[in-house]
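Novice: would you be able to build a 3D model of this:
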Amino acid sequence: MMPRIALSPVTEDDIEFIVDLETNASLWPYEDRIPTDKAAVRREVAERIGSDWYKQYLIRLNSPEATIIGELTLHWYVHERGSWELGFCLFPEYRGQGYCGEAARMALKIAFEGWKAHKVIAMCNLHNTASAKVLEGLGMVREGIFREELYWNGQWVDQYFYAILEREYQKVAATPLLSLNEQSYSRAPRLCTL
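Specialist: Numbering: from 1, shown residues only. Prediction:
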């Protein structure tokens, strides 16, 4: 079965698009701080391109138009321990259709098979049930809760901490993607951001 999406590394030609995405508060409903200084974000995005420690991808439909539907990041969490952190965001009209899971699964393949990661982690606001469902559908384990970690919507809320080890990923990699989609996303809520 042909993948419905593809990941393409962010290039210098994509900087303005990423700046607009990262400063658009409506795309990040569960984050506590959305940057507003576009010049600072522009500098950070430019600095990250080509770095060893931060990889950013555009999530595109696997079609002739290659429509961009979101973005995904992988960056070092604790380099000495071989751990990377995963994050993603989809545009609202593409949420709830399994694209997050497909993109995240591609990212796990990059991290574990390409970079020989030992662990990939992800975090999400406890109210972001769609992201939690995506992460759990990938075989990630909720290892902890950071109590009152995020100041969100005028209150302190908990943040979930998820992780998957390389040996656990091997089981995920052996599972057909269609099965993951059917199990994990058919009843997922519409929001799917991390």
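
Novice: list phi and psi for the residue at the greatest distance from the centre of the chain.
Specialist: Distance from the C-alpha centroid of the chain, by Cα atoms, centre = their mean, peaks at G154 (24.8 Å). Main-chain dihedrals, G154, degrees, to the nearest 10: phi 80, psi 10.

Novice: for it, give its distance to D32.
Specialist: Distance, G154 to D32, using Cβ to Cβ, to the nearest Å: 11 Å. Bear in mind the C-beta positions are built from the backbone N, C-alpha and C, glycine included.

Novice: follow-up on the earlier one: OK, contacts around the residue farthest from the centre of the chain?
Specialist: Taking Cβ atoms under 8 Å, 6 or more residues apart in numbering, we find G154 in contact with no residue.

Novice: point out where the protein drops to low pLDDT.
Specialist: Residue ranges of the chain with pLDDT under 70: 177-194.

Novice: and the helices in it?
Specialist: 15-22, 38-48, 99-109, 129-137, 166-173, 177-184 (DSSP state H).

Novice: R60: which of these is closest?
Specialist: Checking these against R60 by Cβ to Cβ gives helix 99-109 as the closest, at 9.8 Å.

Novice: could I have the closest one exported to CSV, CA atoms only?
Specialist: Extracted in CSV, the C-alpha atoms of helix 99-109 (Å, rounded to 0.1, in the frame of the first residue of the first chain):
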residue,chain,number,x,y,z
TYR,A,99,-2.1,11.4,9.2
CYS,A,100,-0.4,12.2,12.5
GLY,A,101,0.1,8.5,13.2
GLU,A,102,1.5,7.9,9.7
ALA,A,103,3.9,10.9,10.0
ALA,A,104,5.0,9.9,13.6
ARG,A,105,5.6,6.3,12.4
MET,A,106,7.8,7.6,9.6
ALA,A,107,9.7,9.7,12.2
LEU,A,108,10.2,6.7,14.4
LYS,A,109,11.7,4.8,11.4
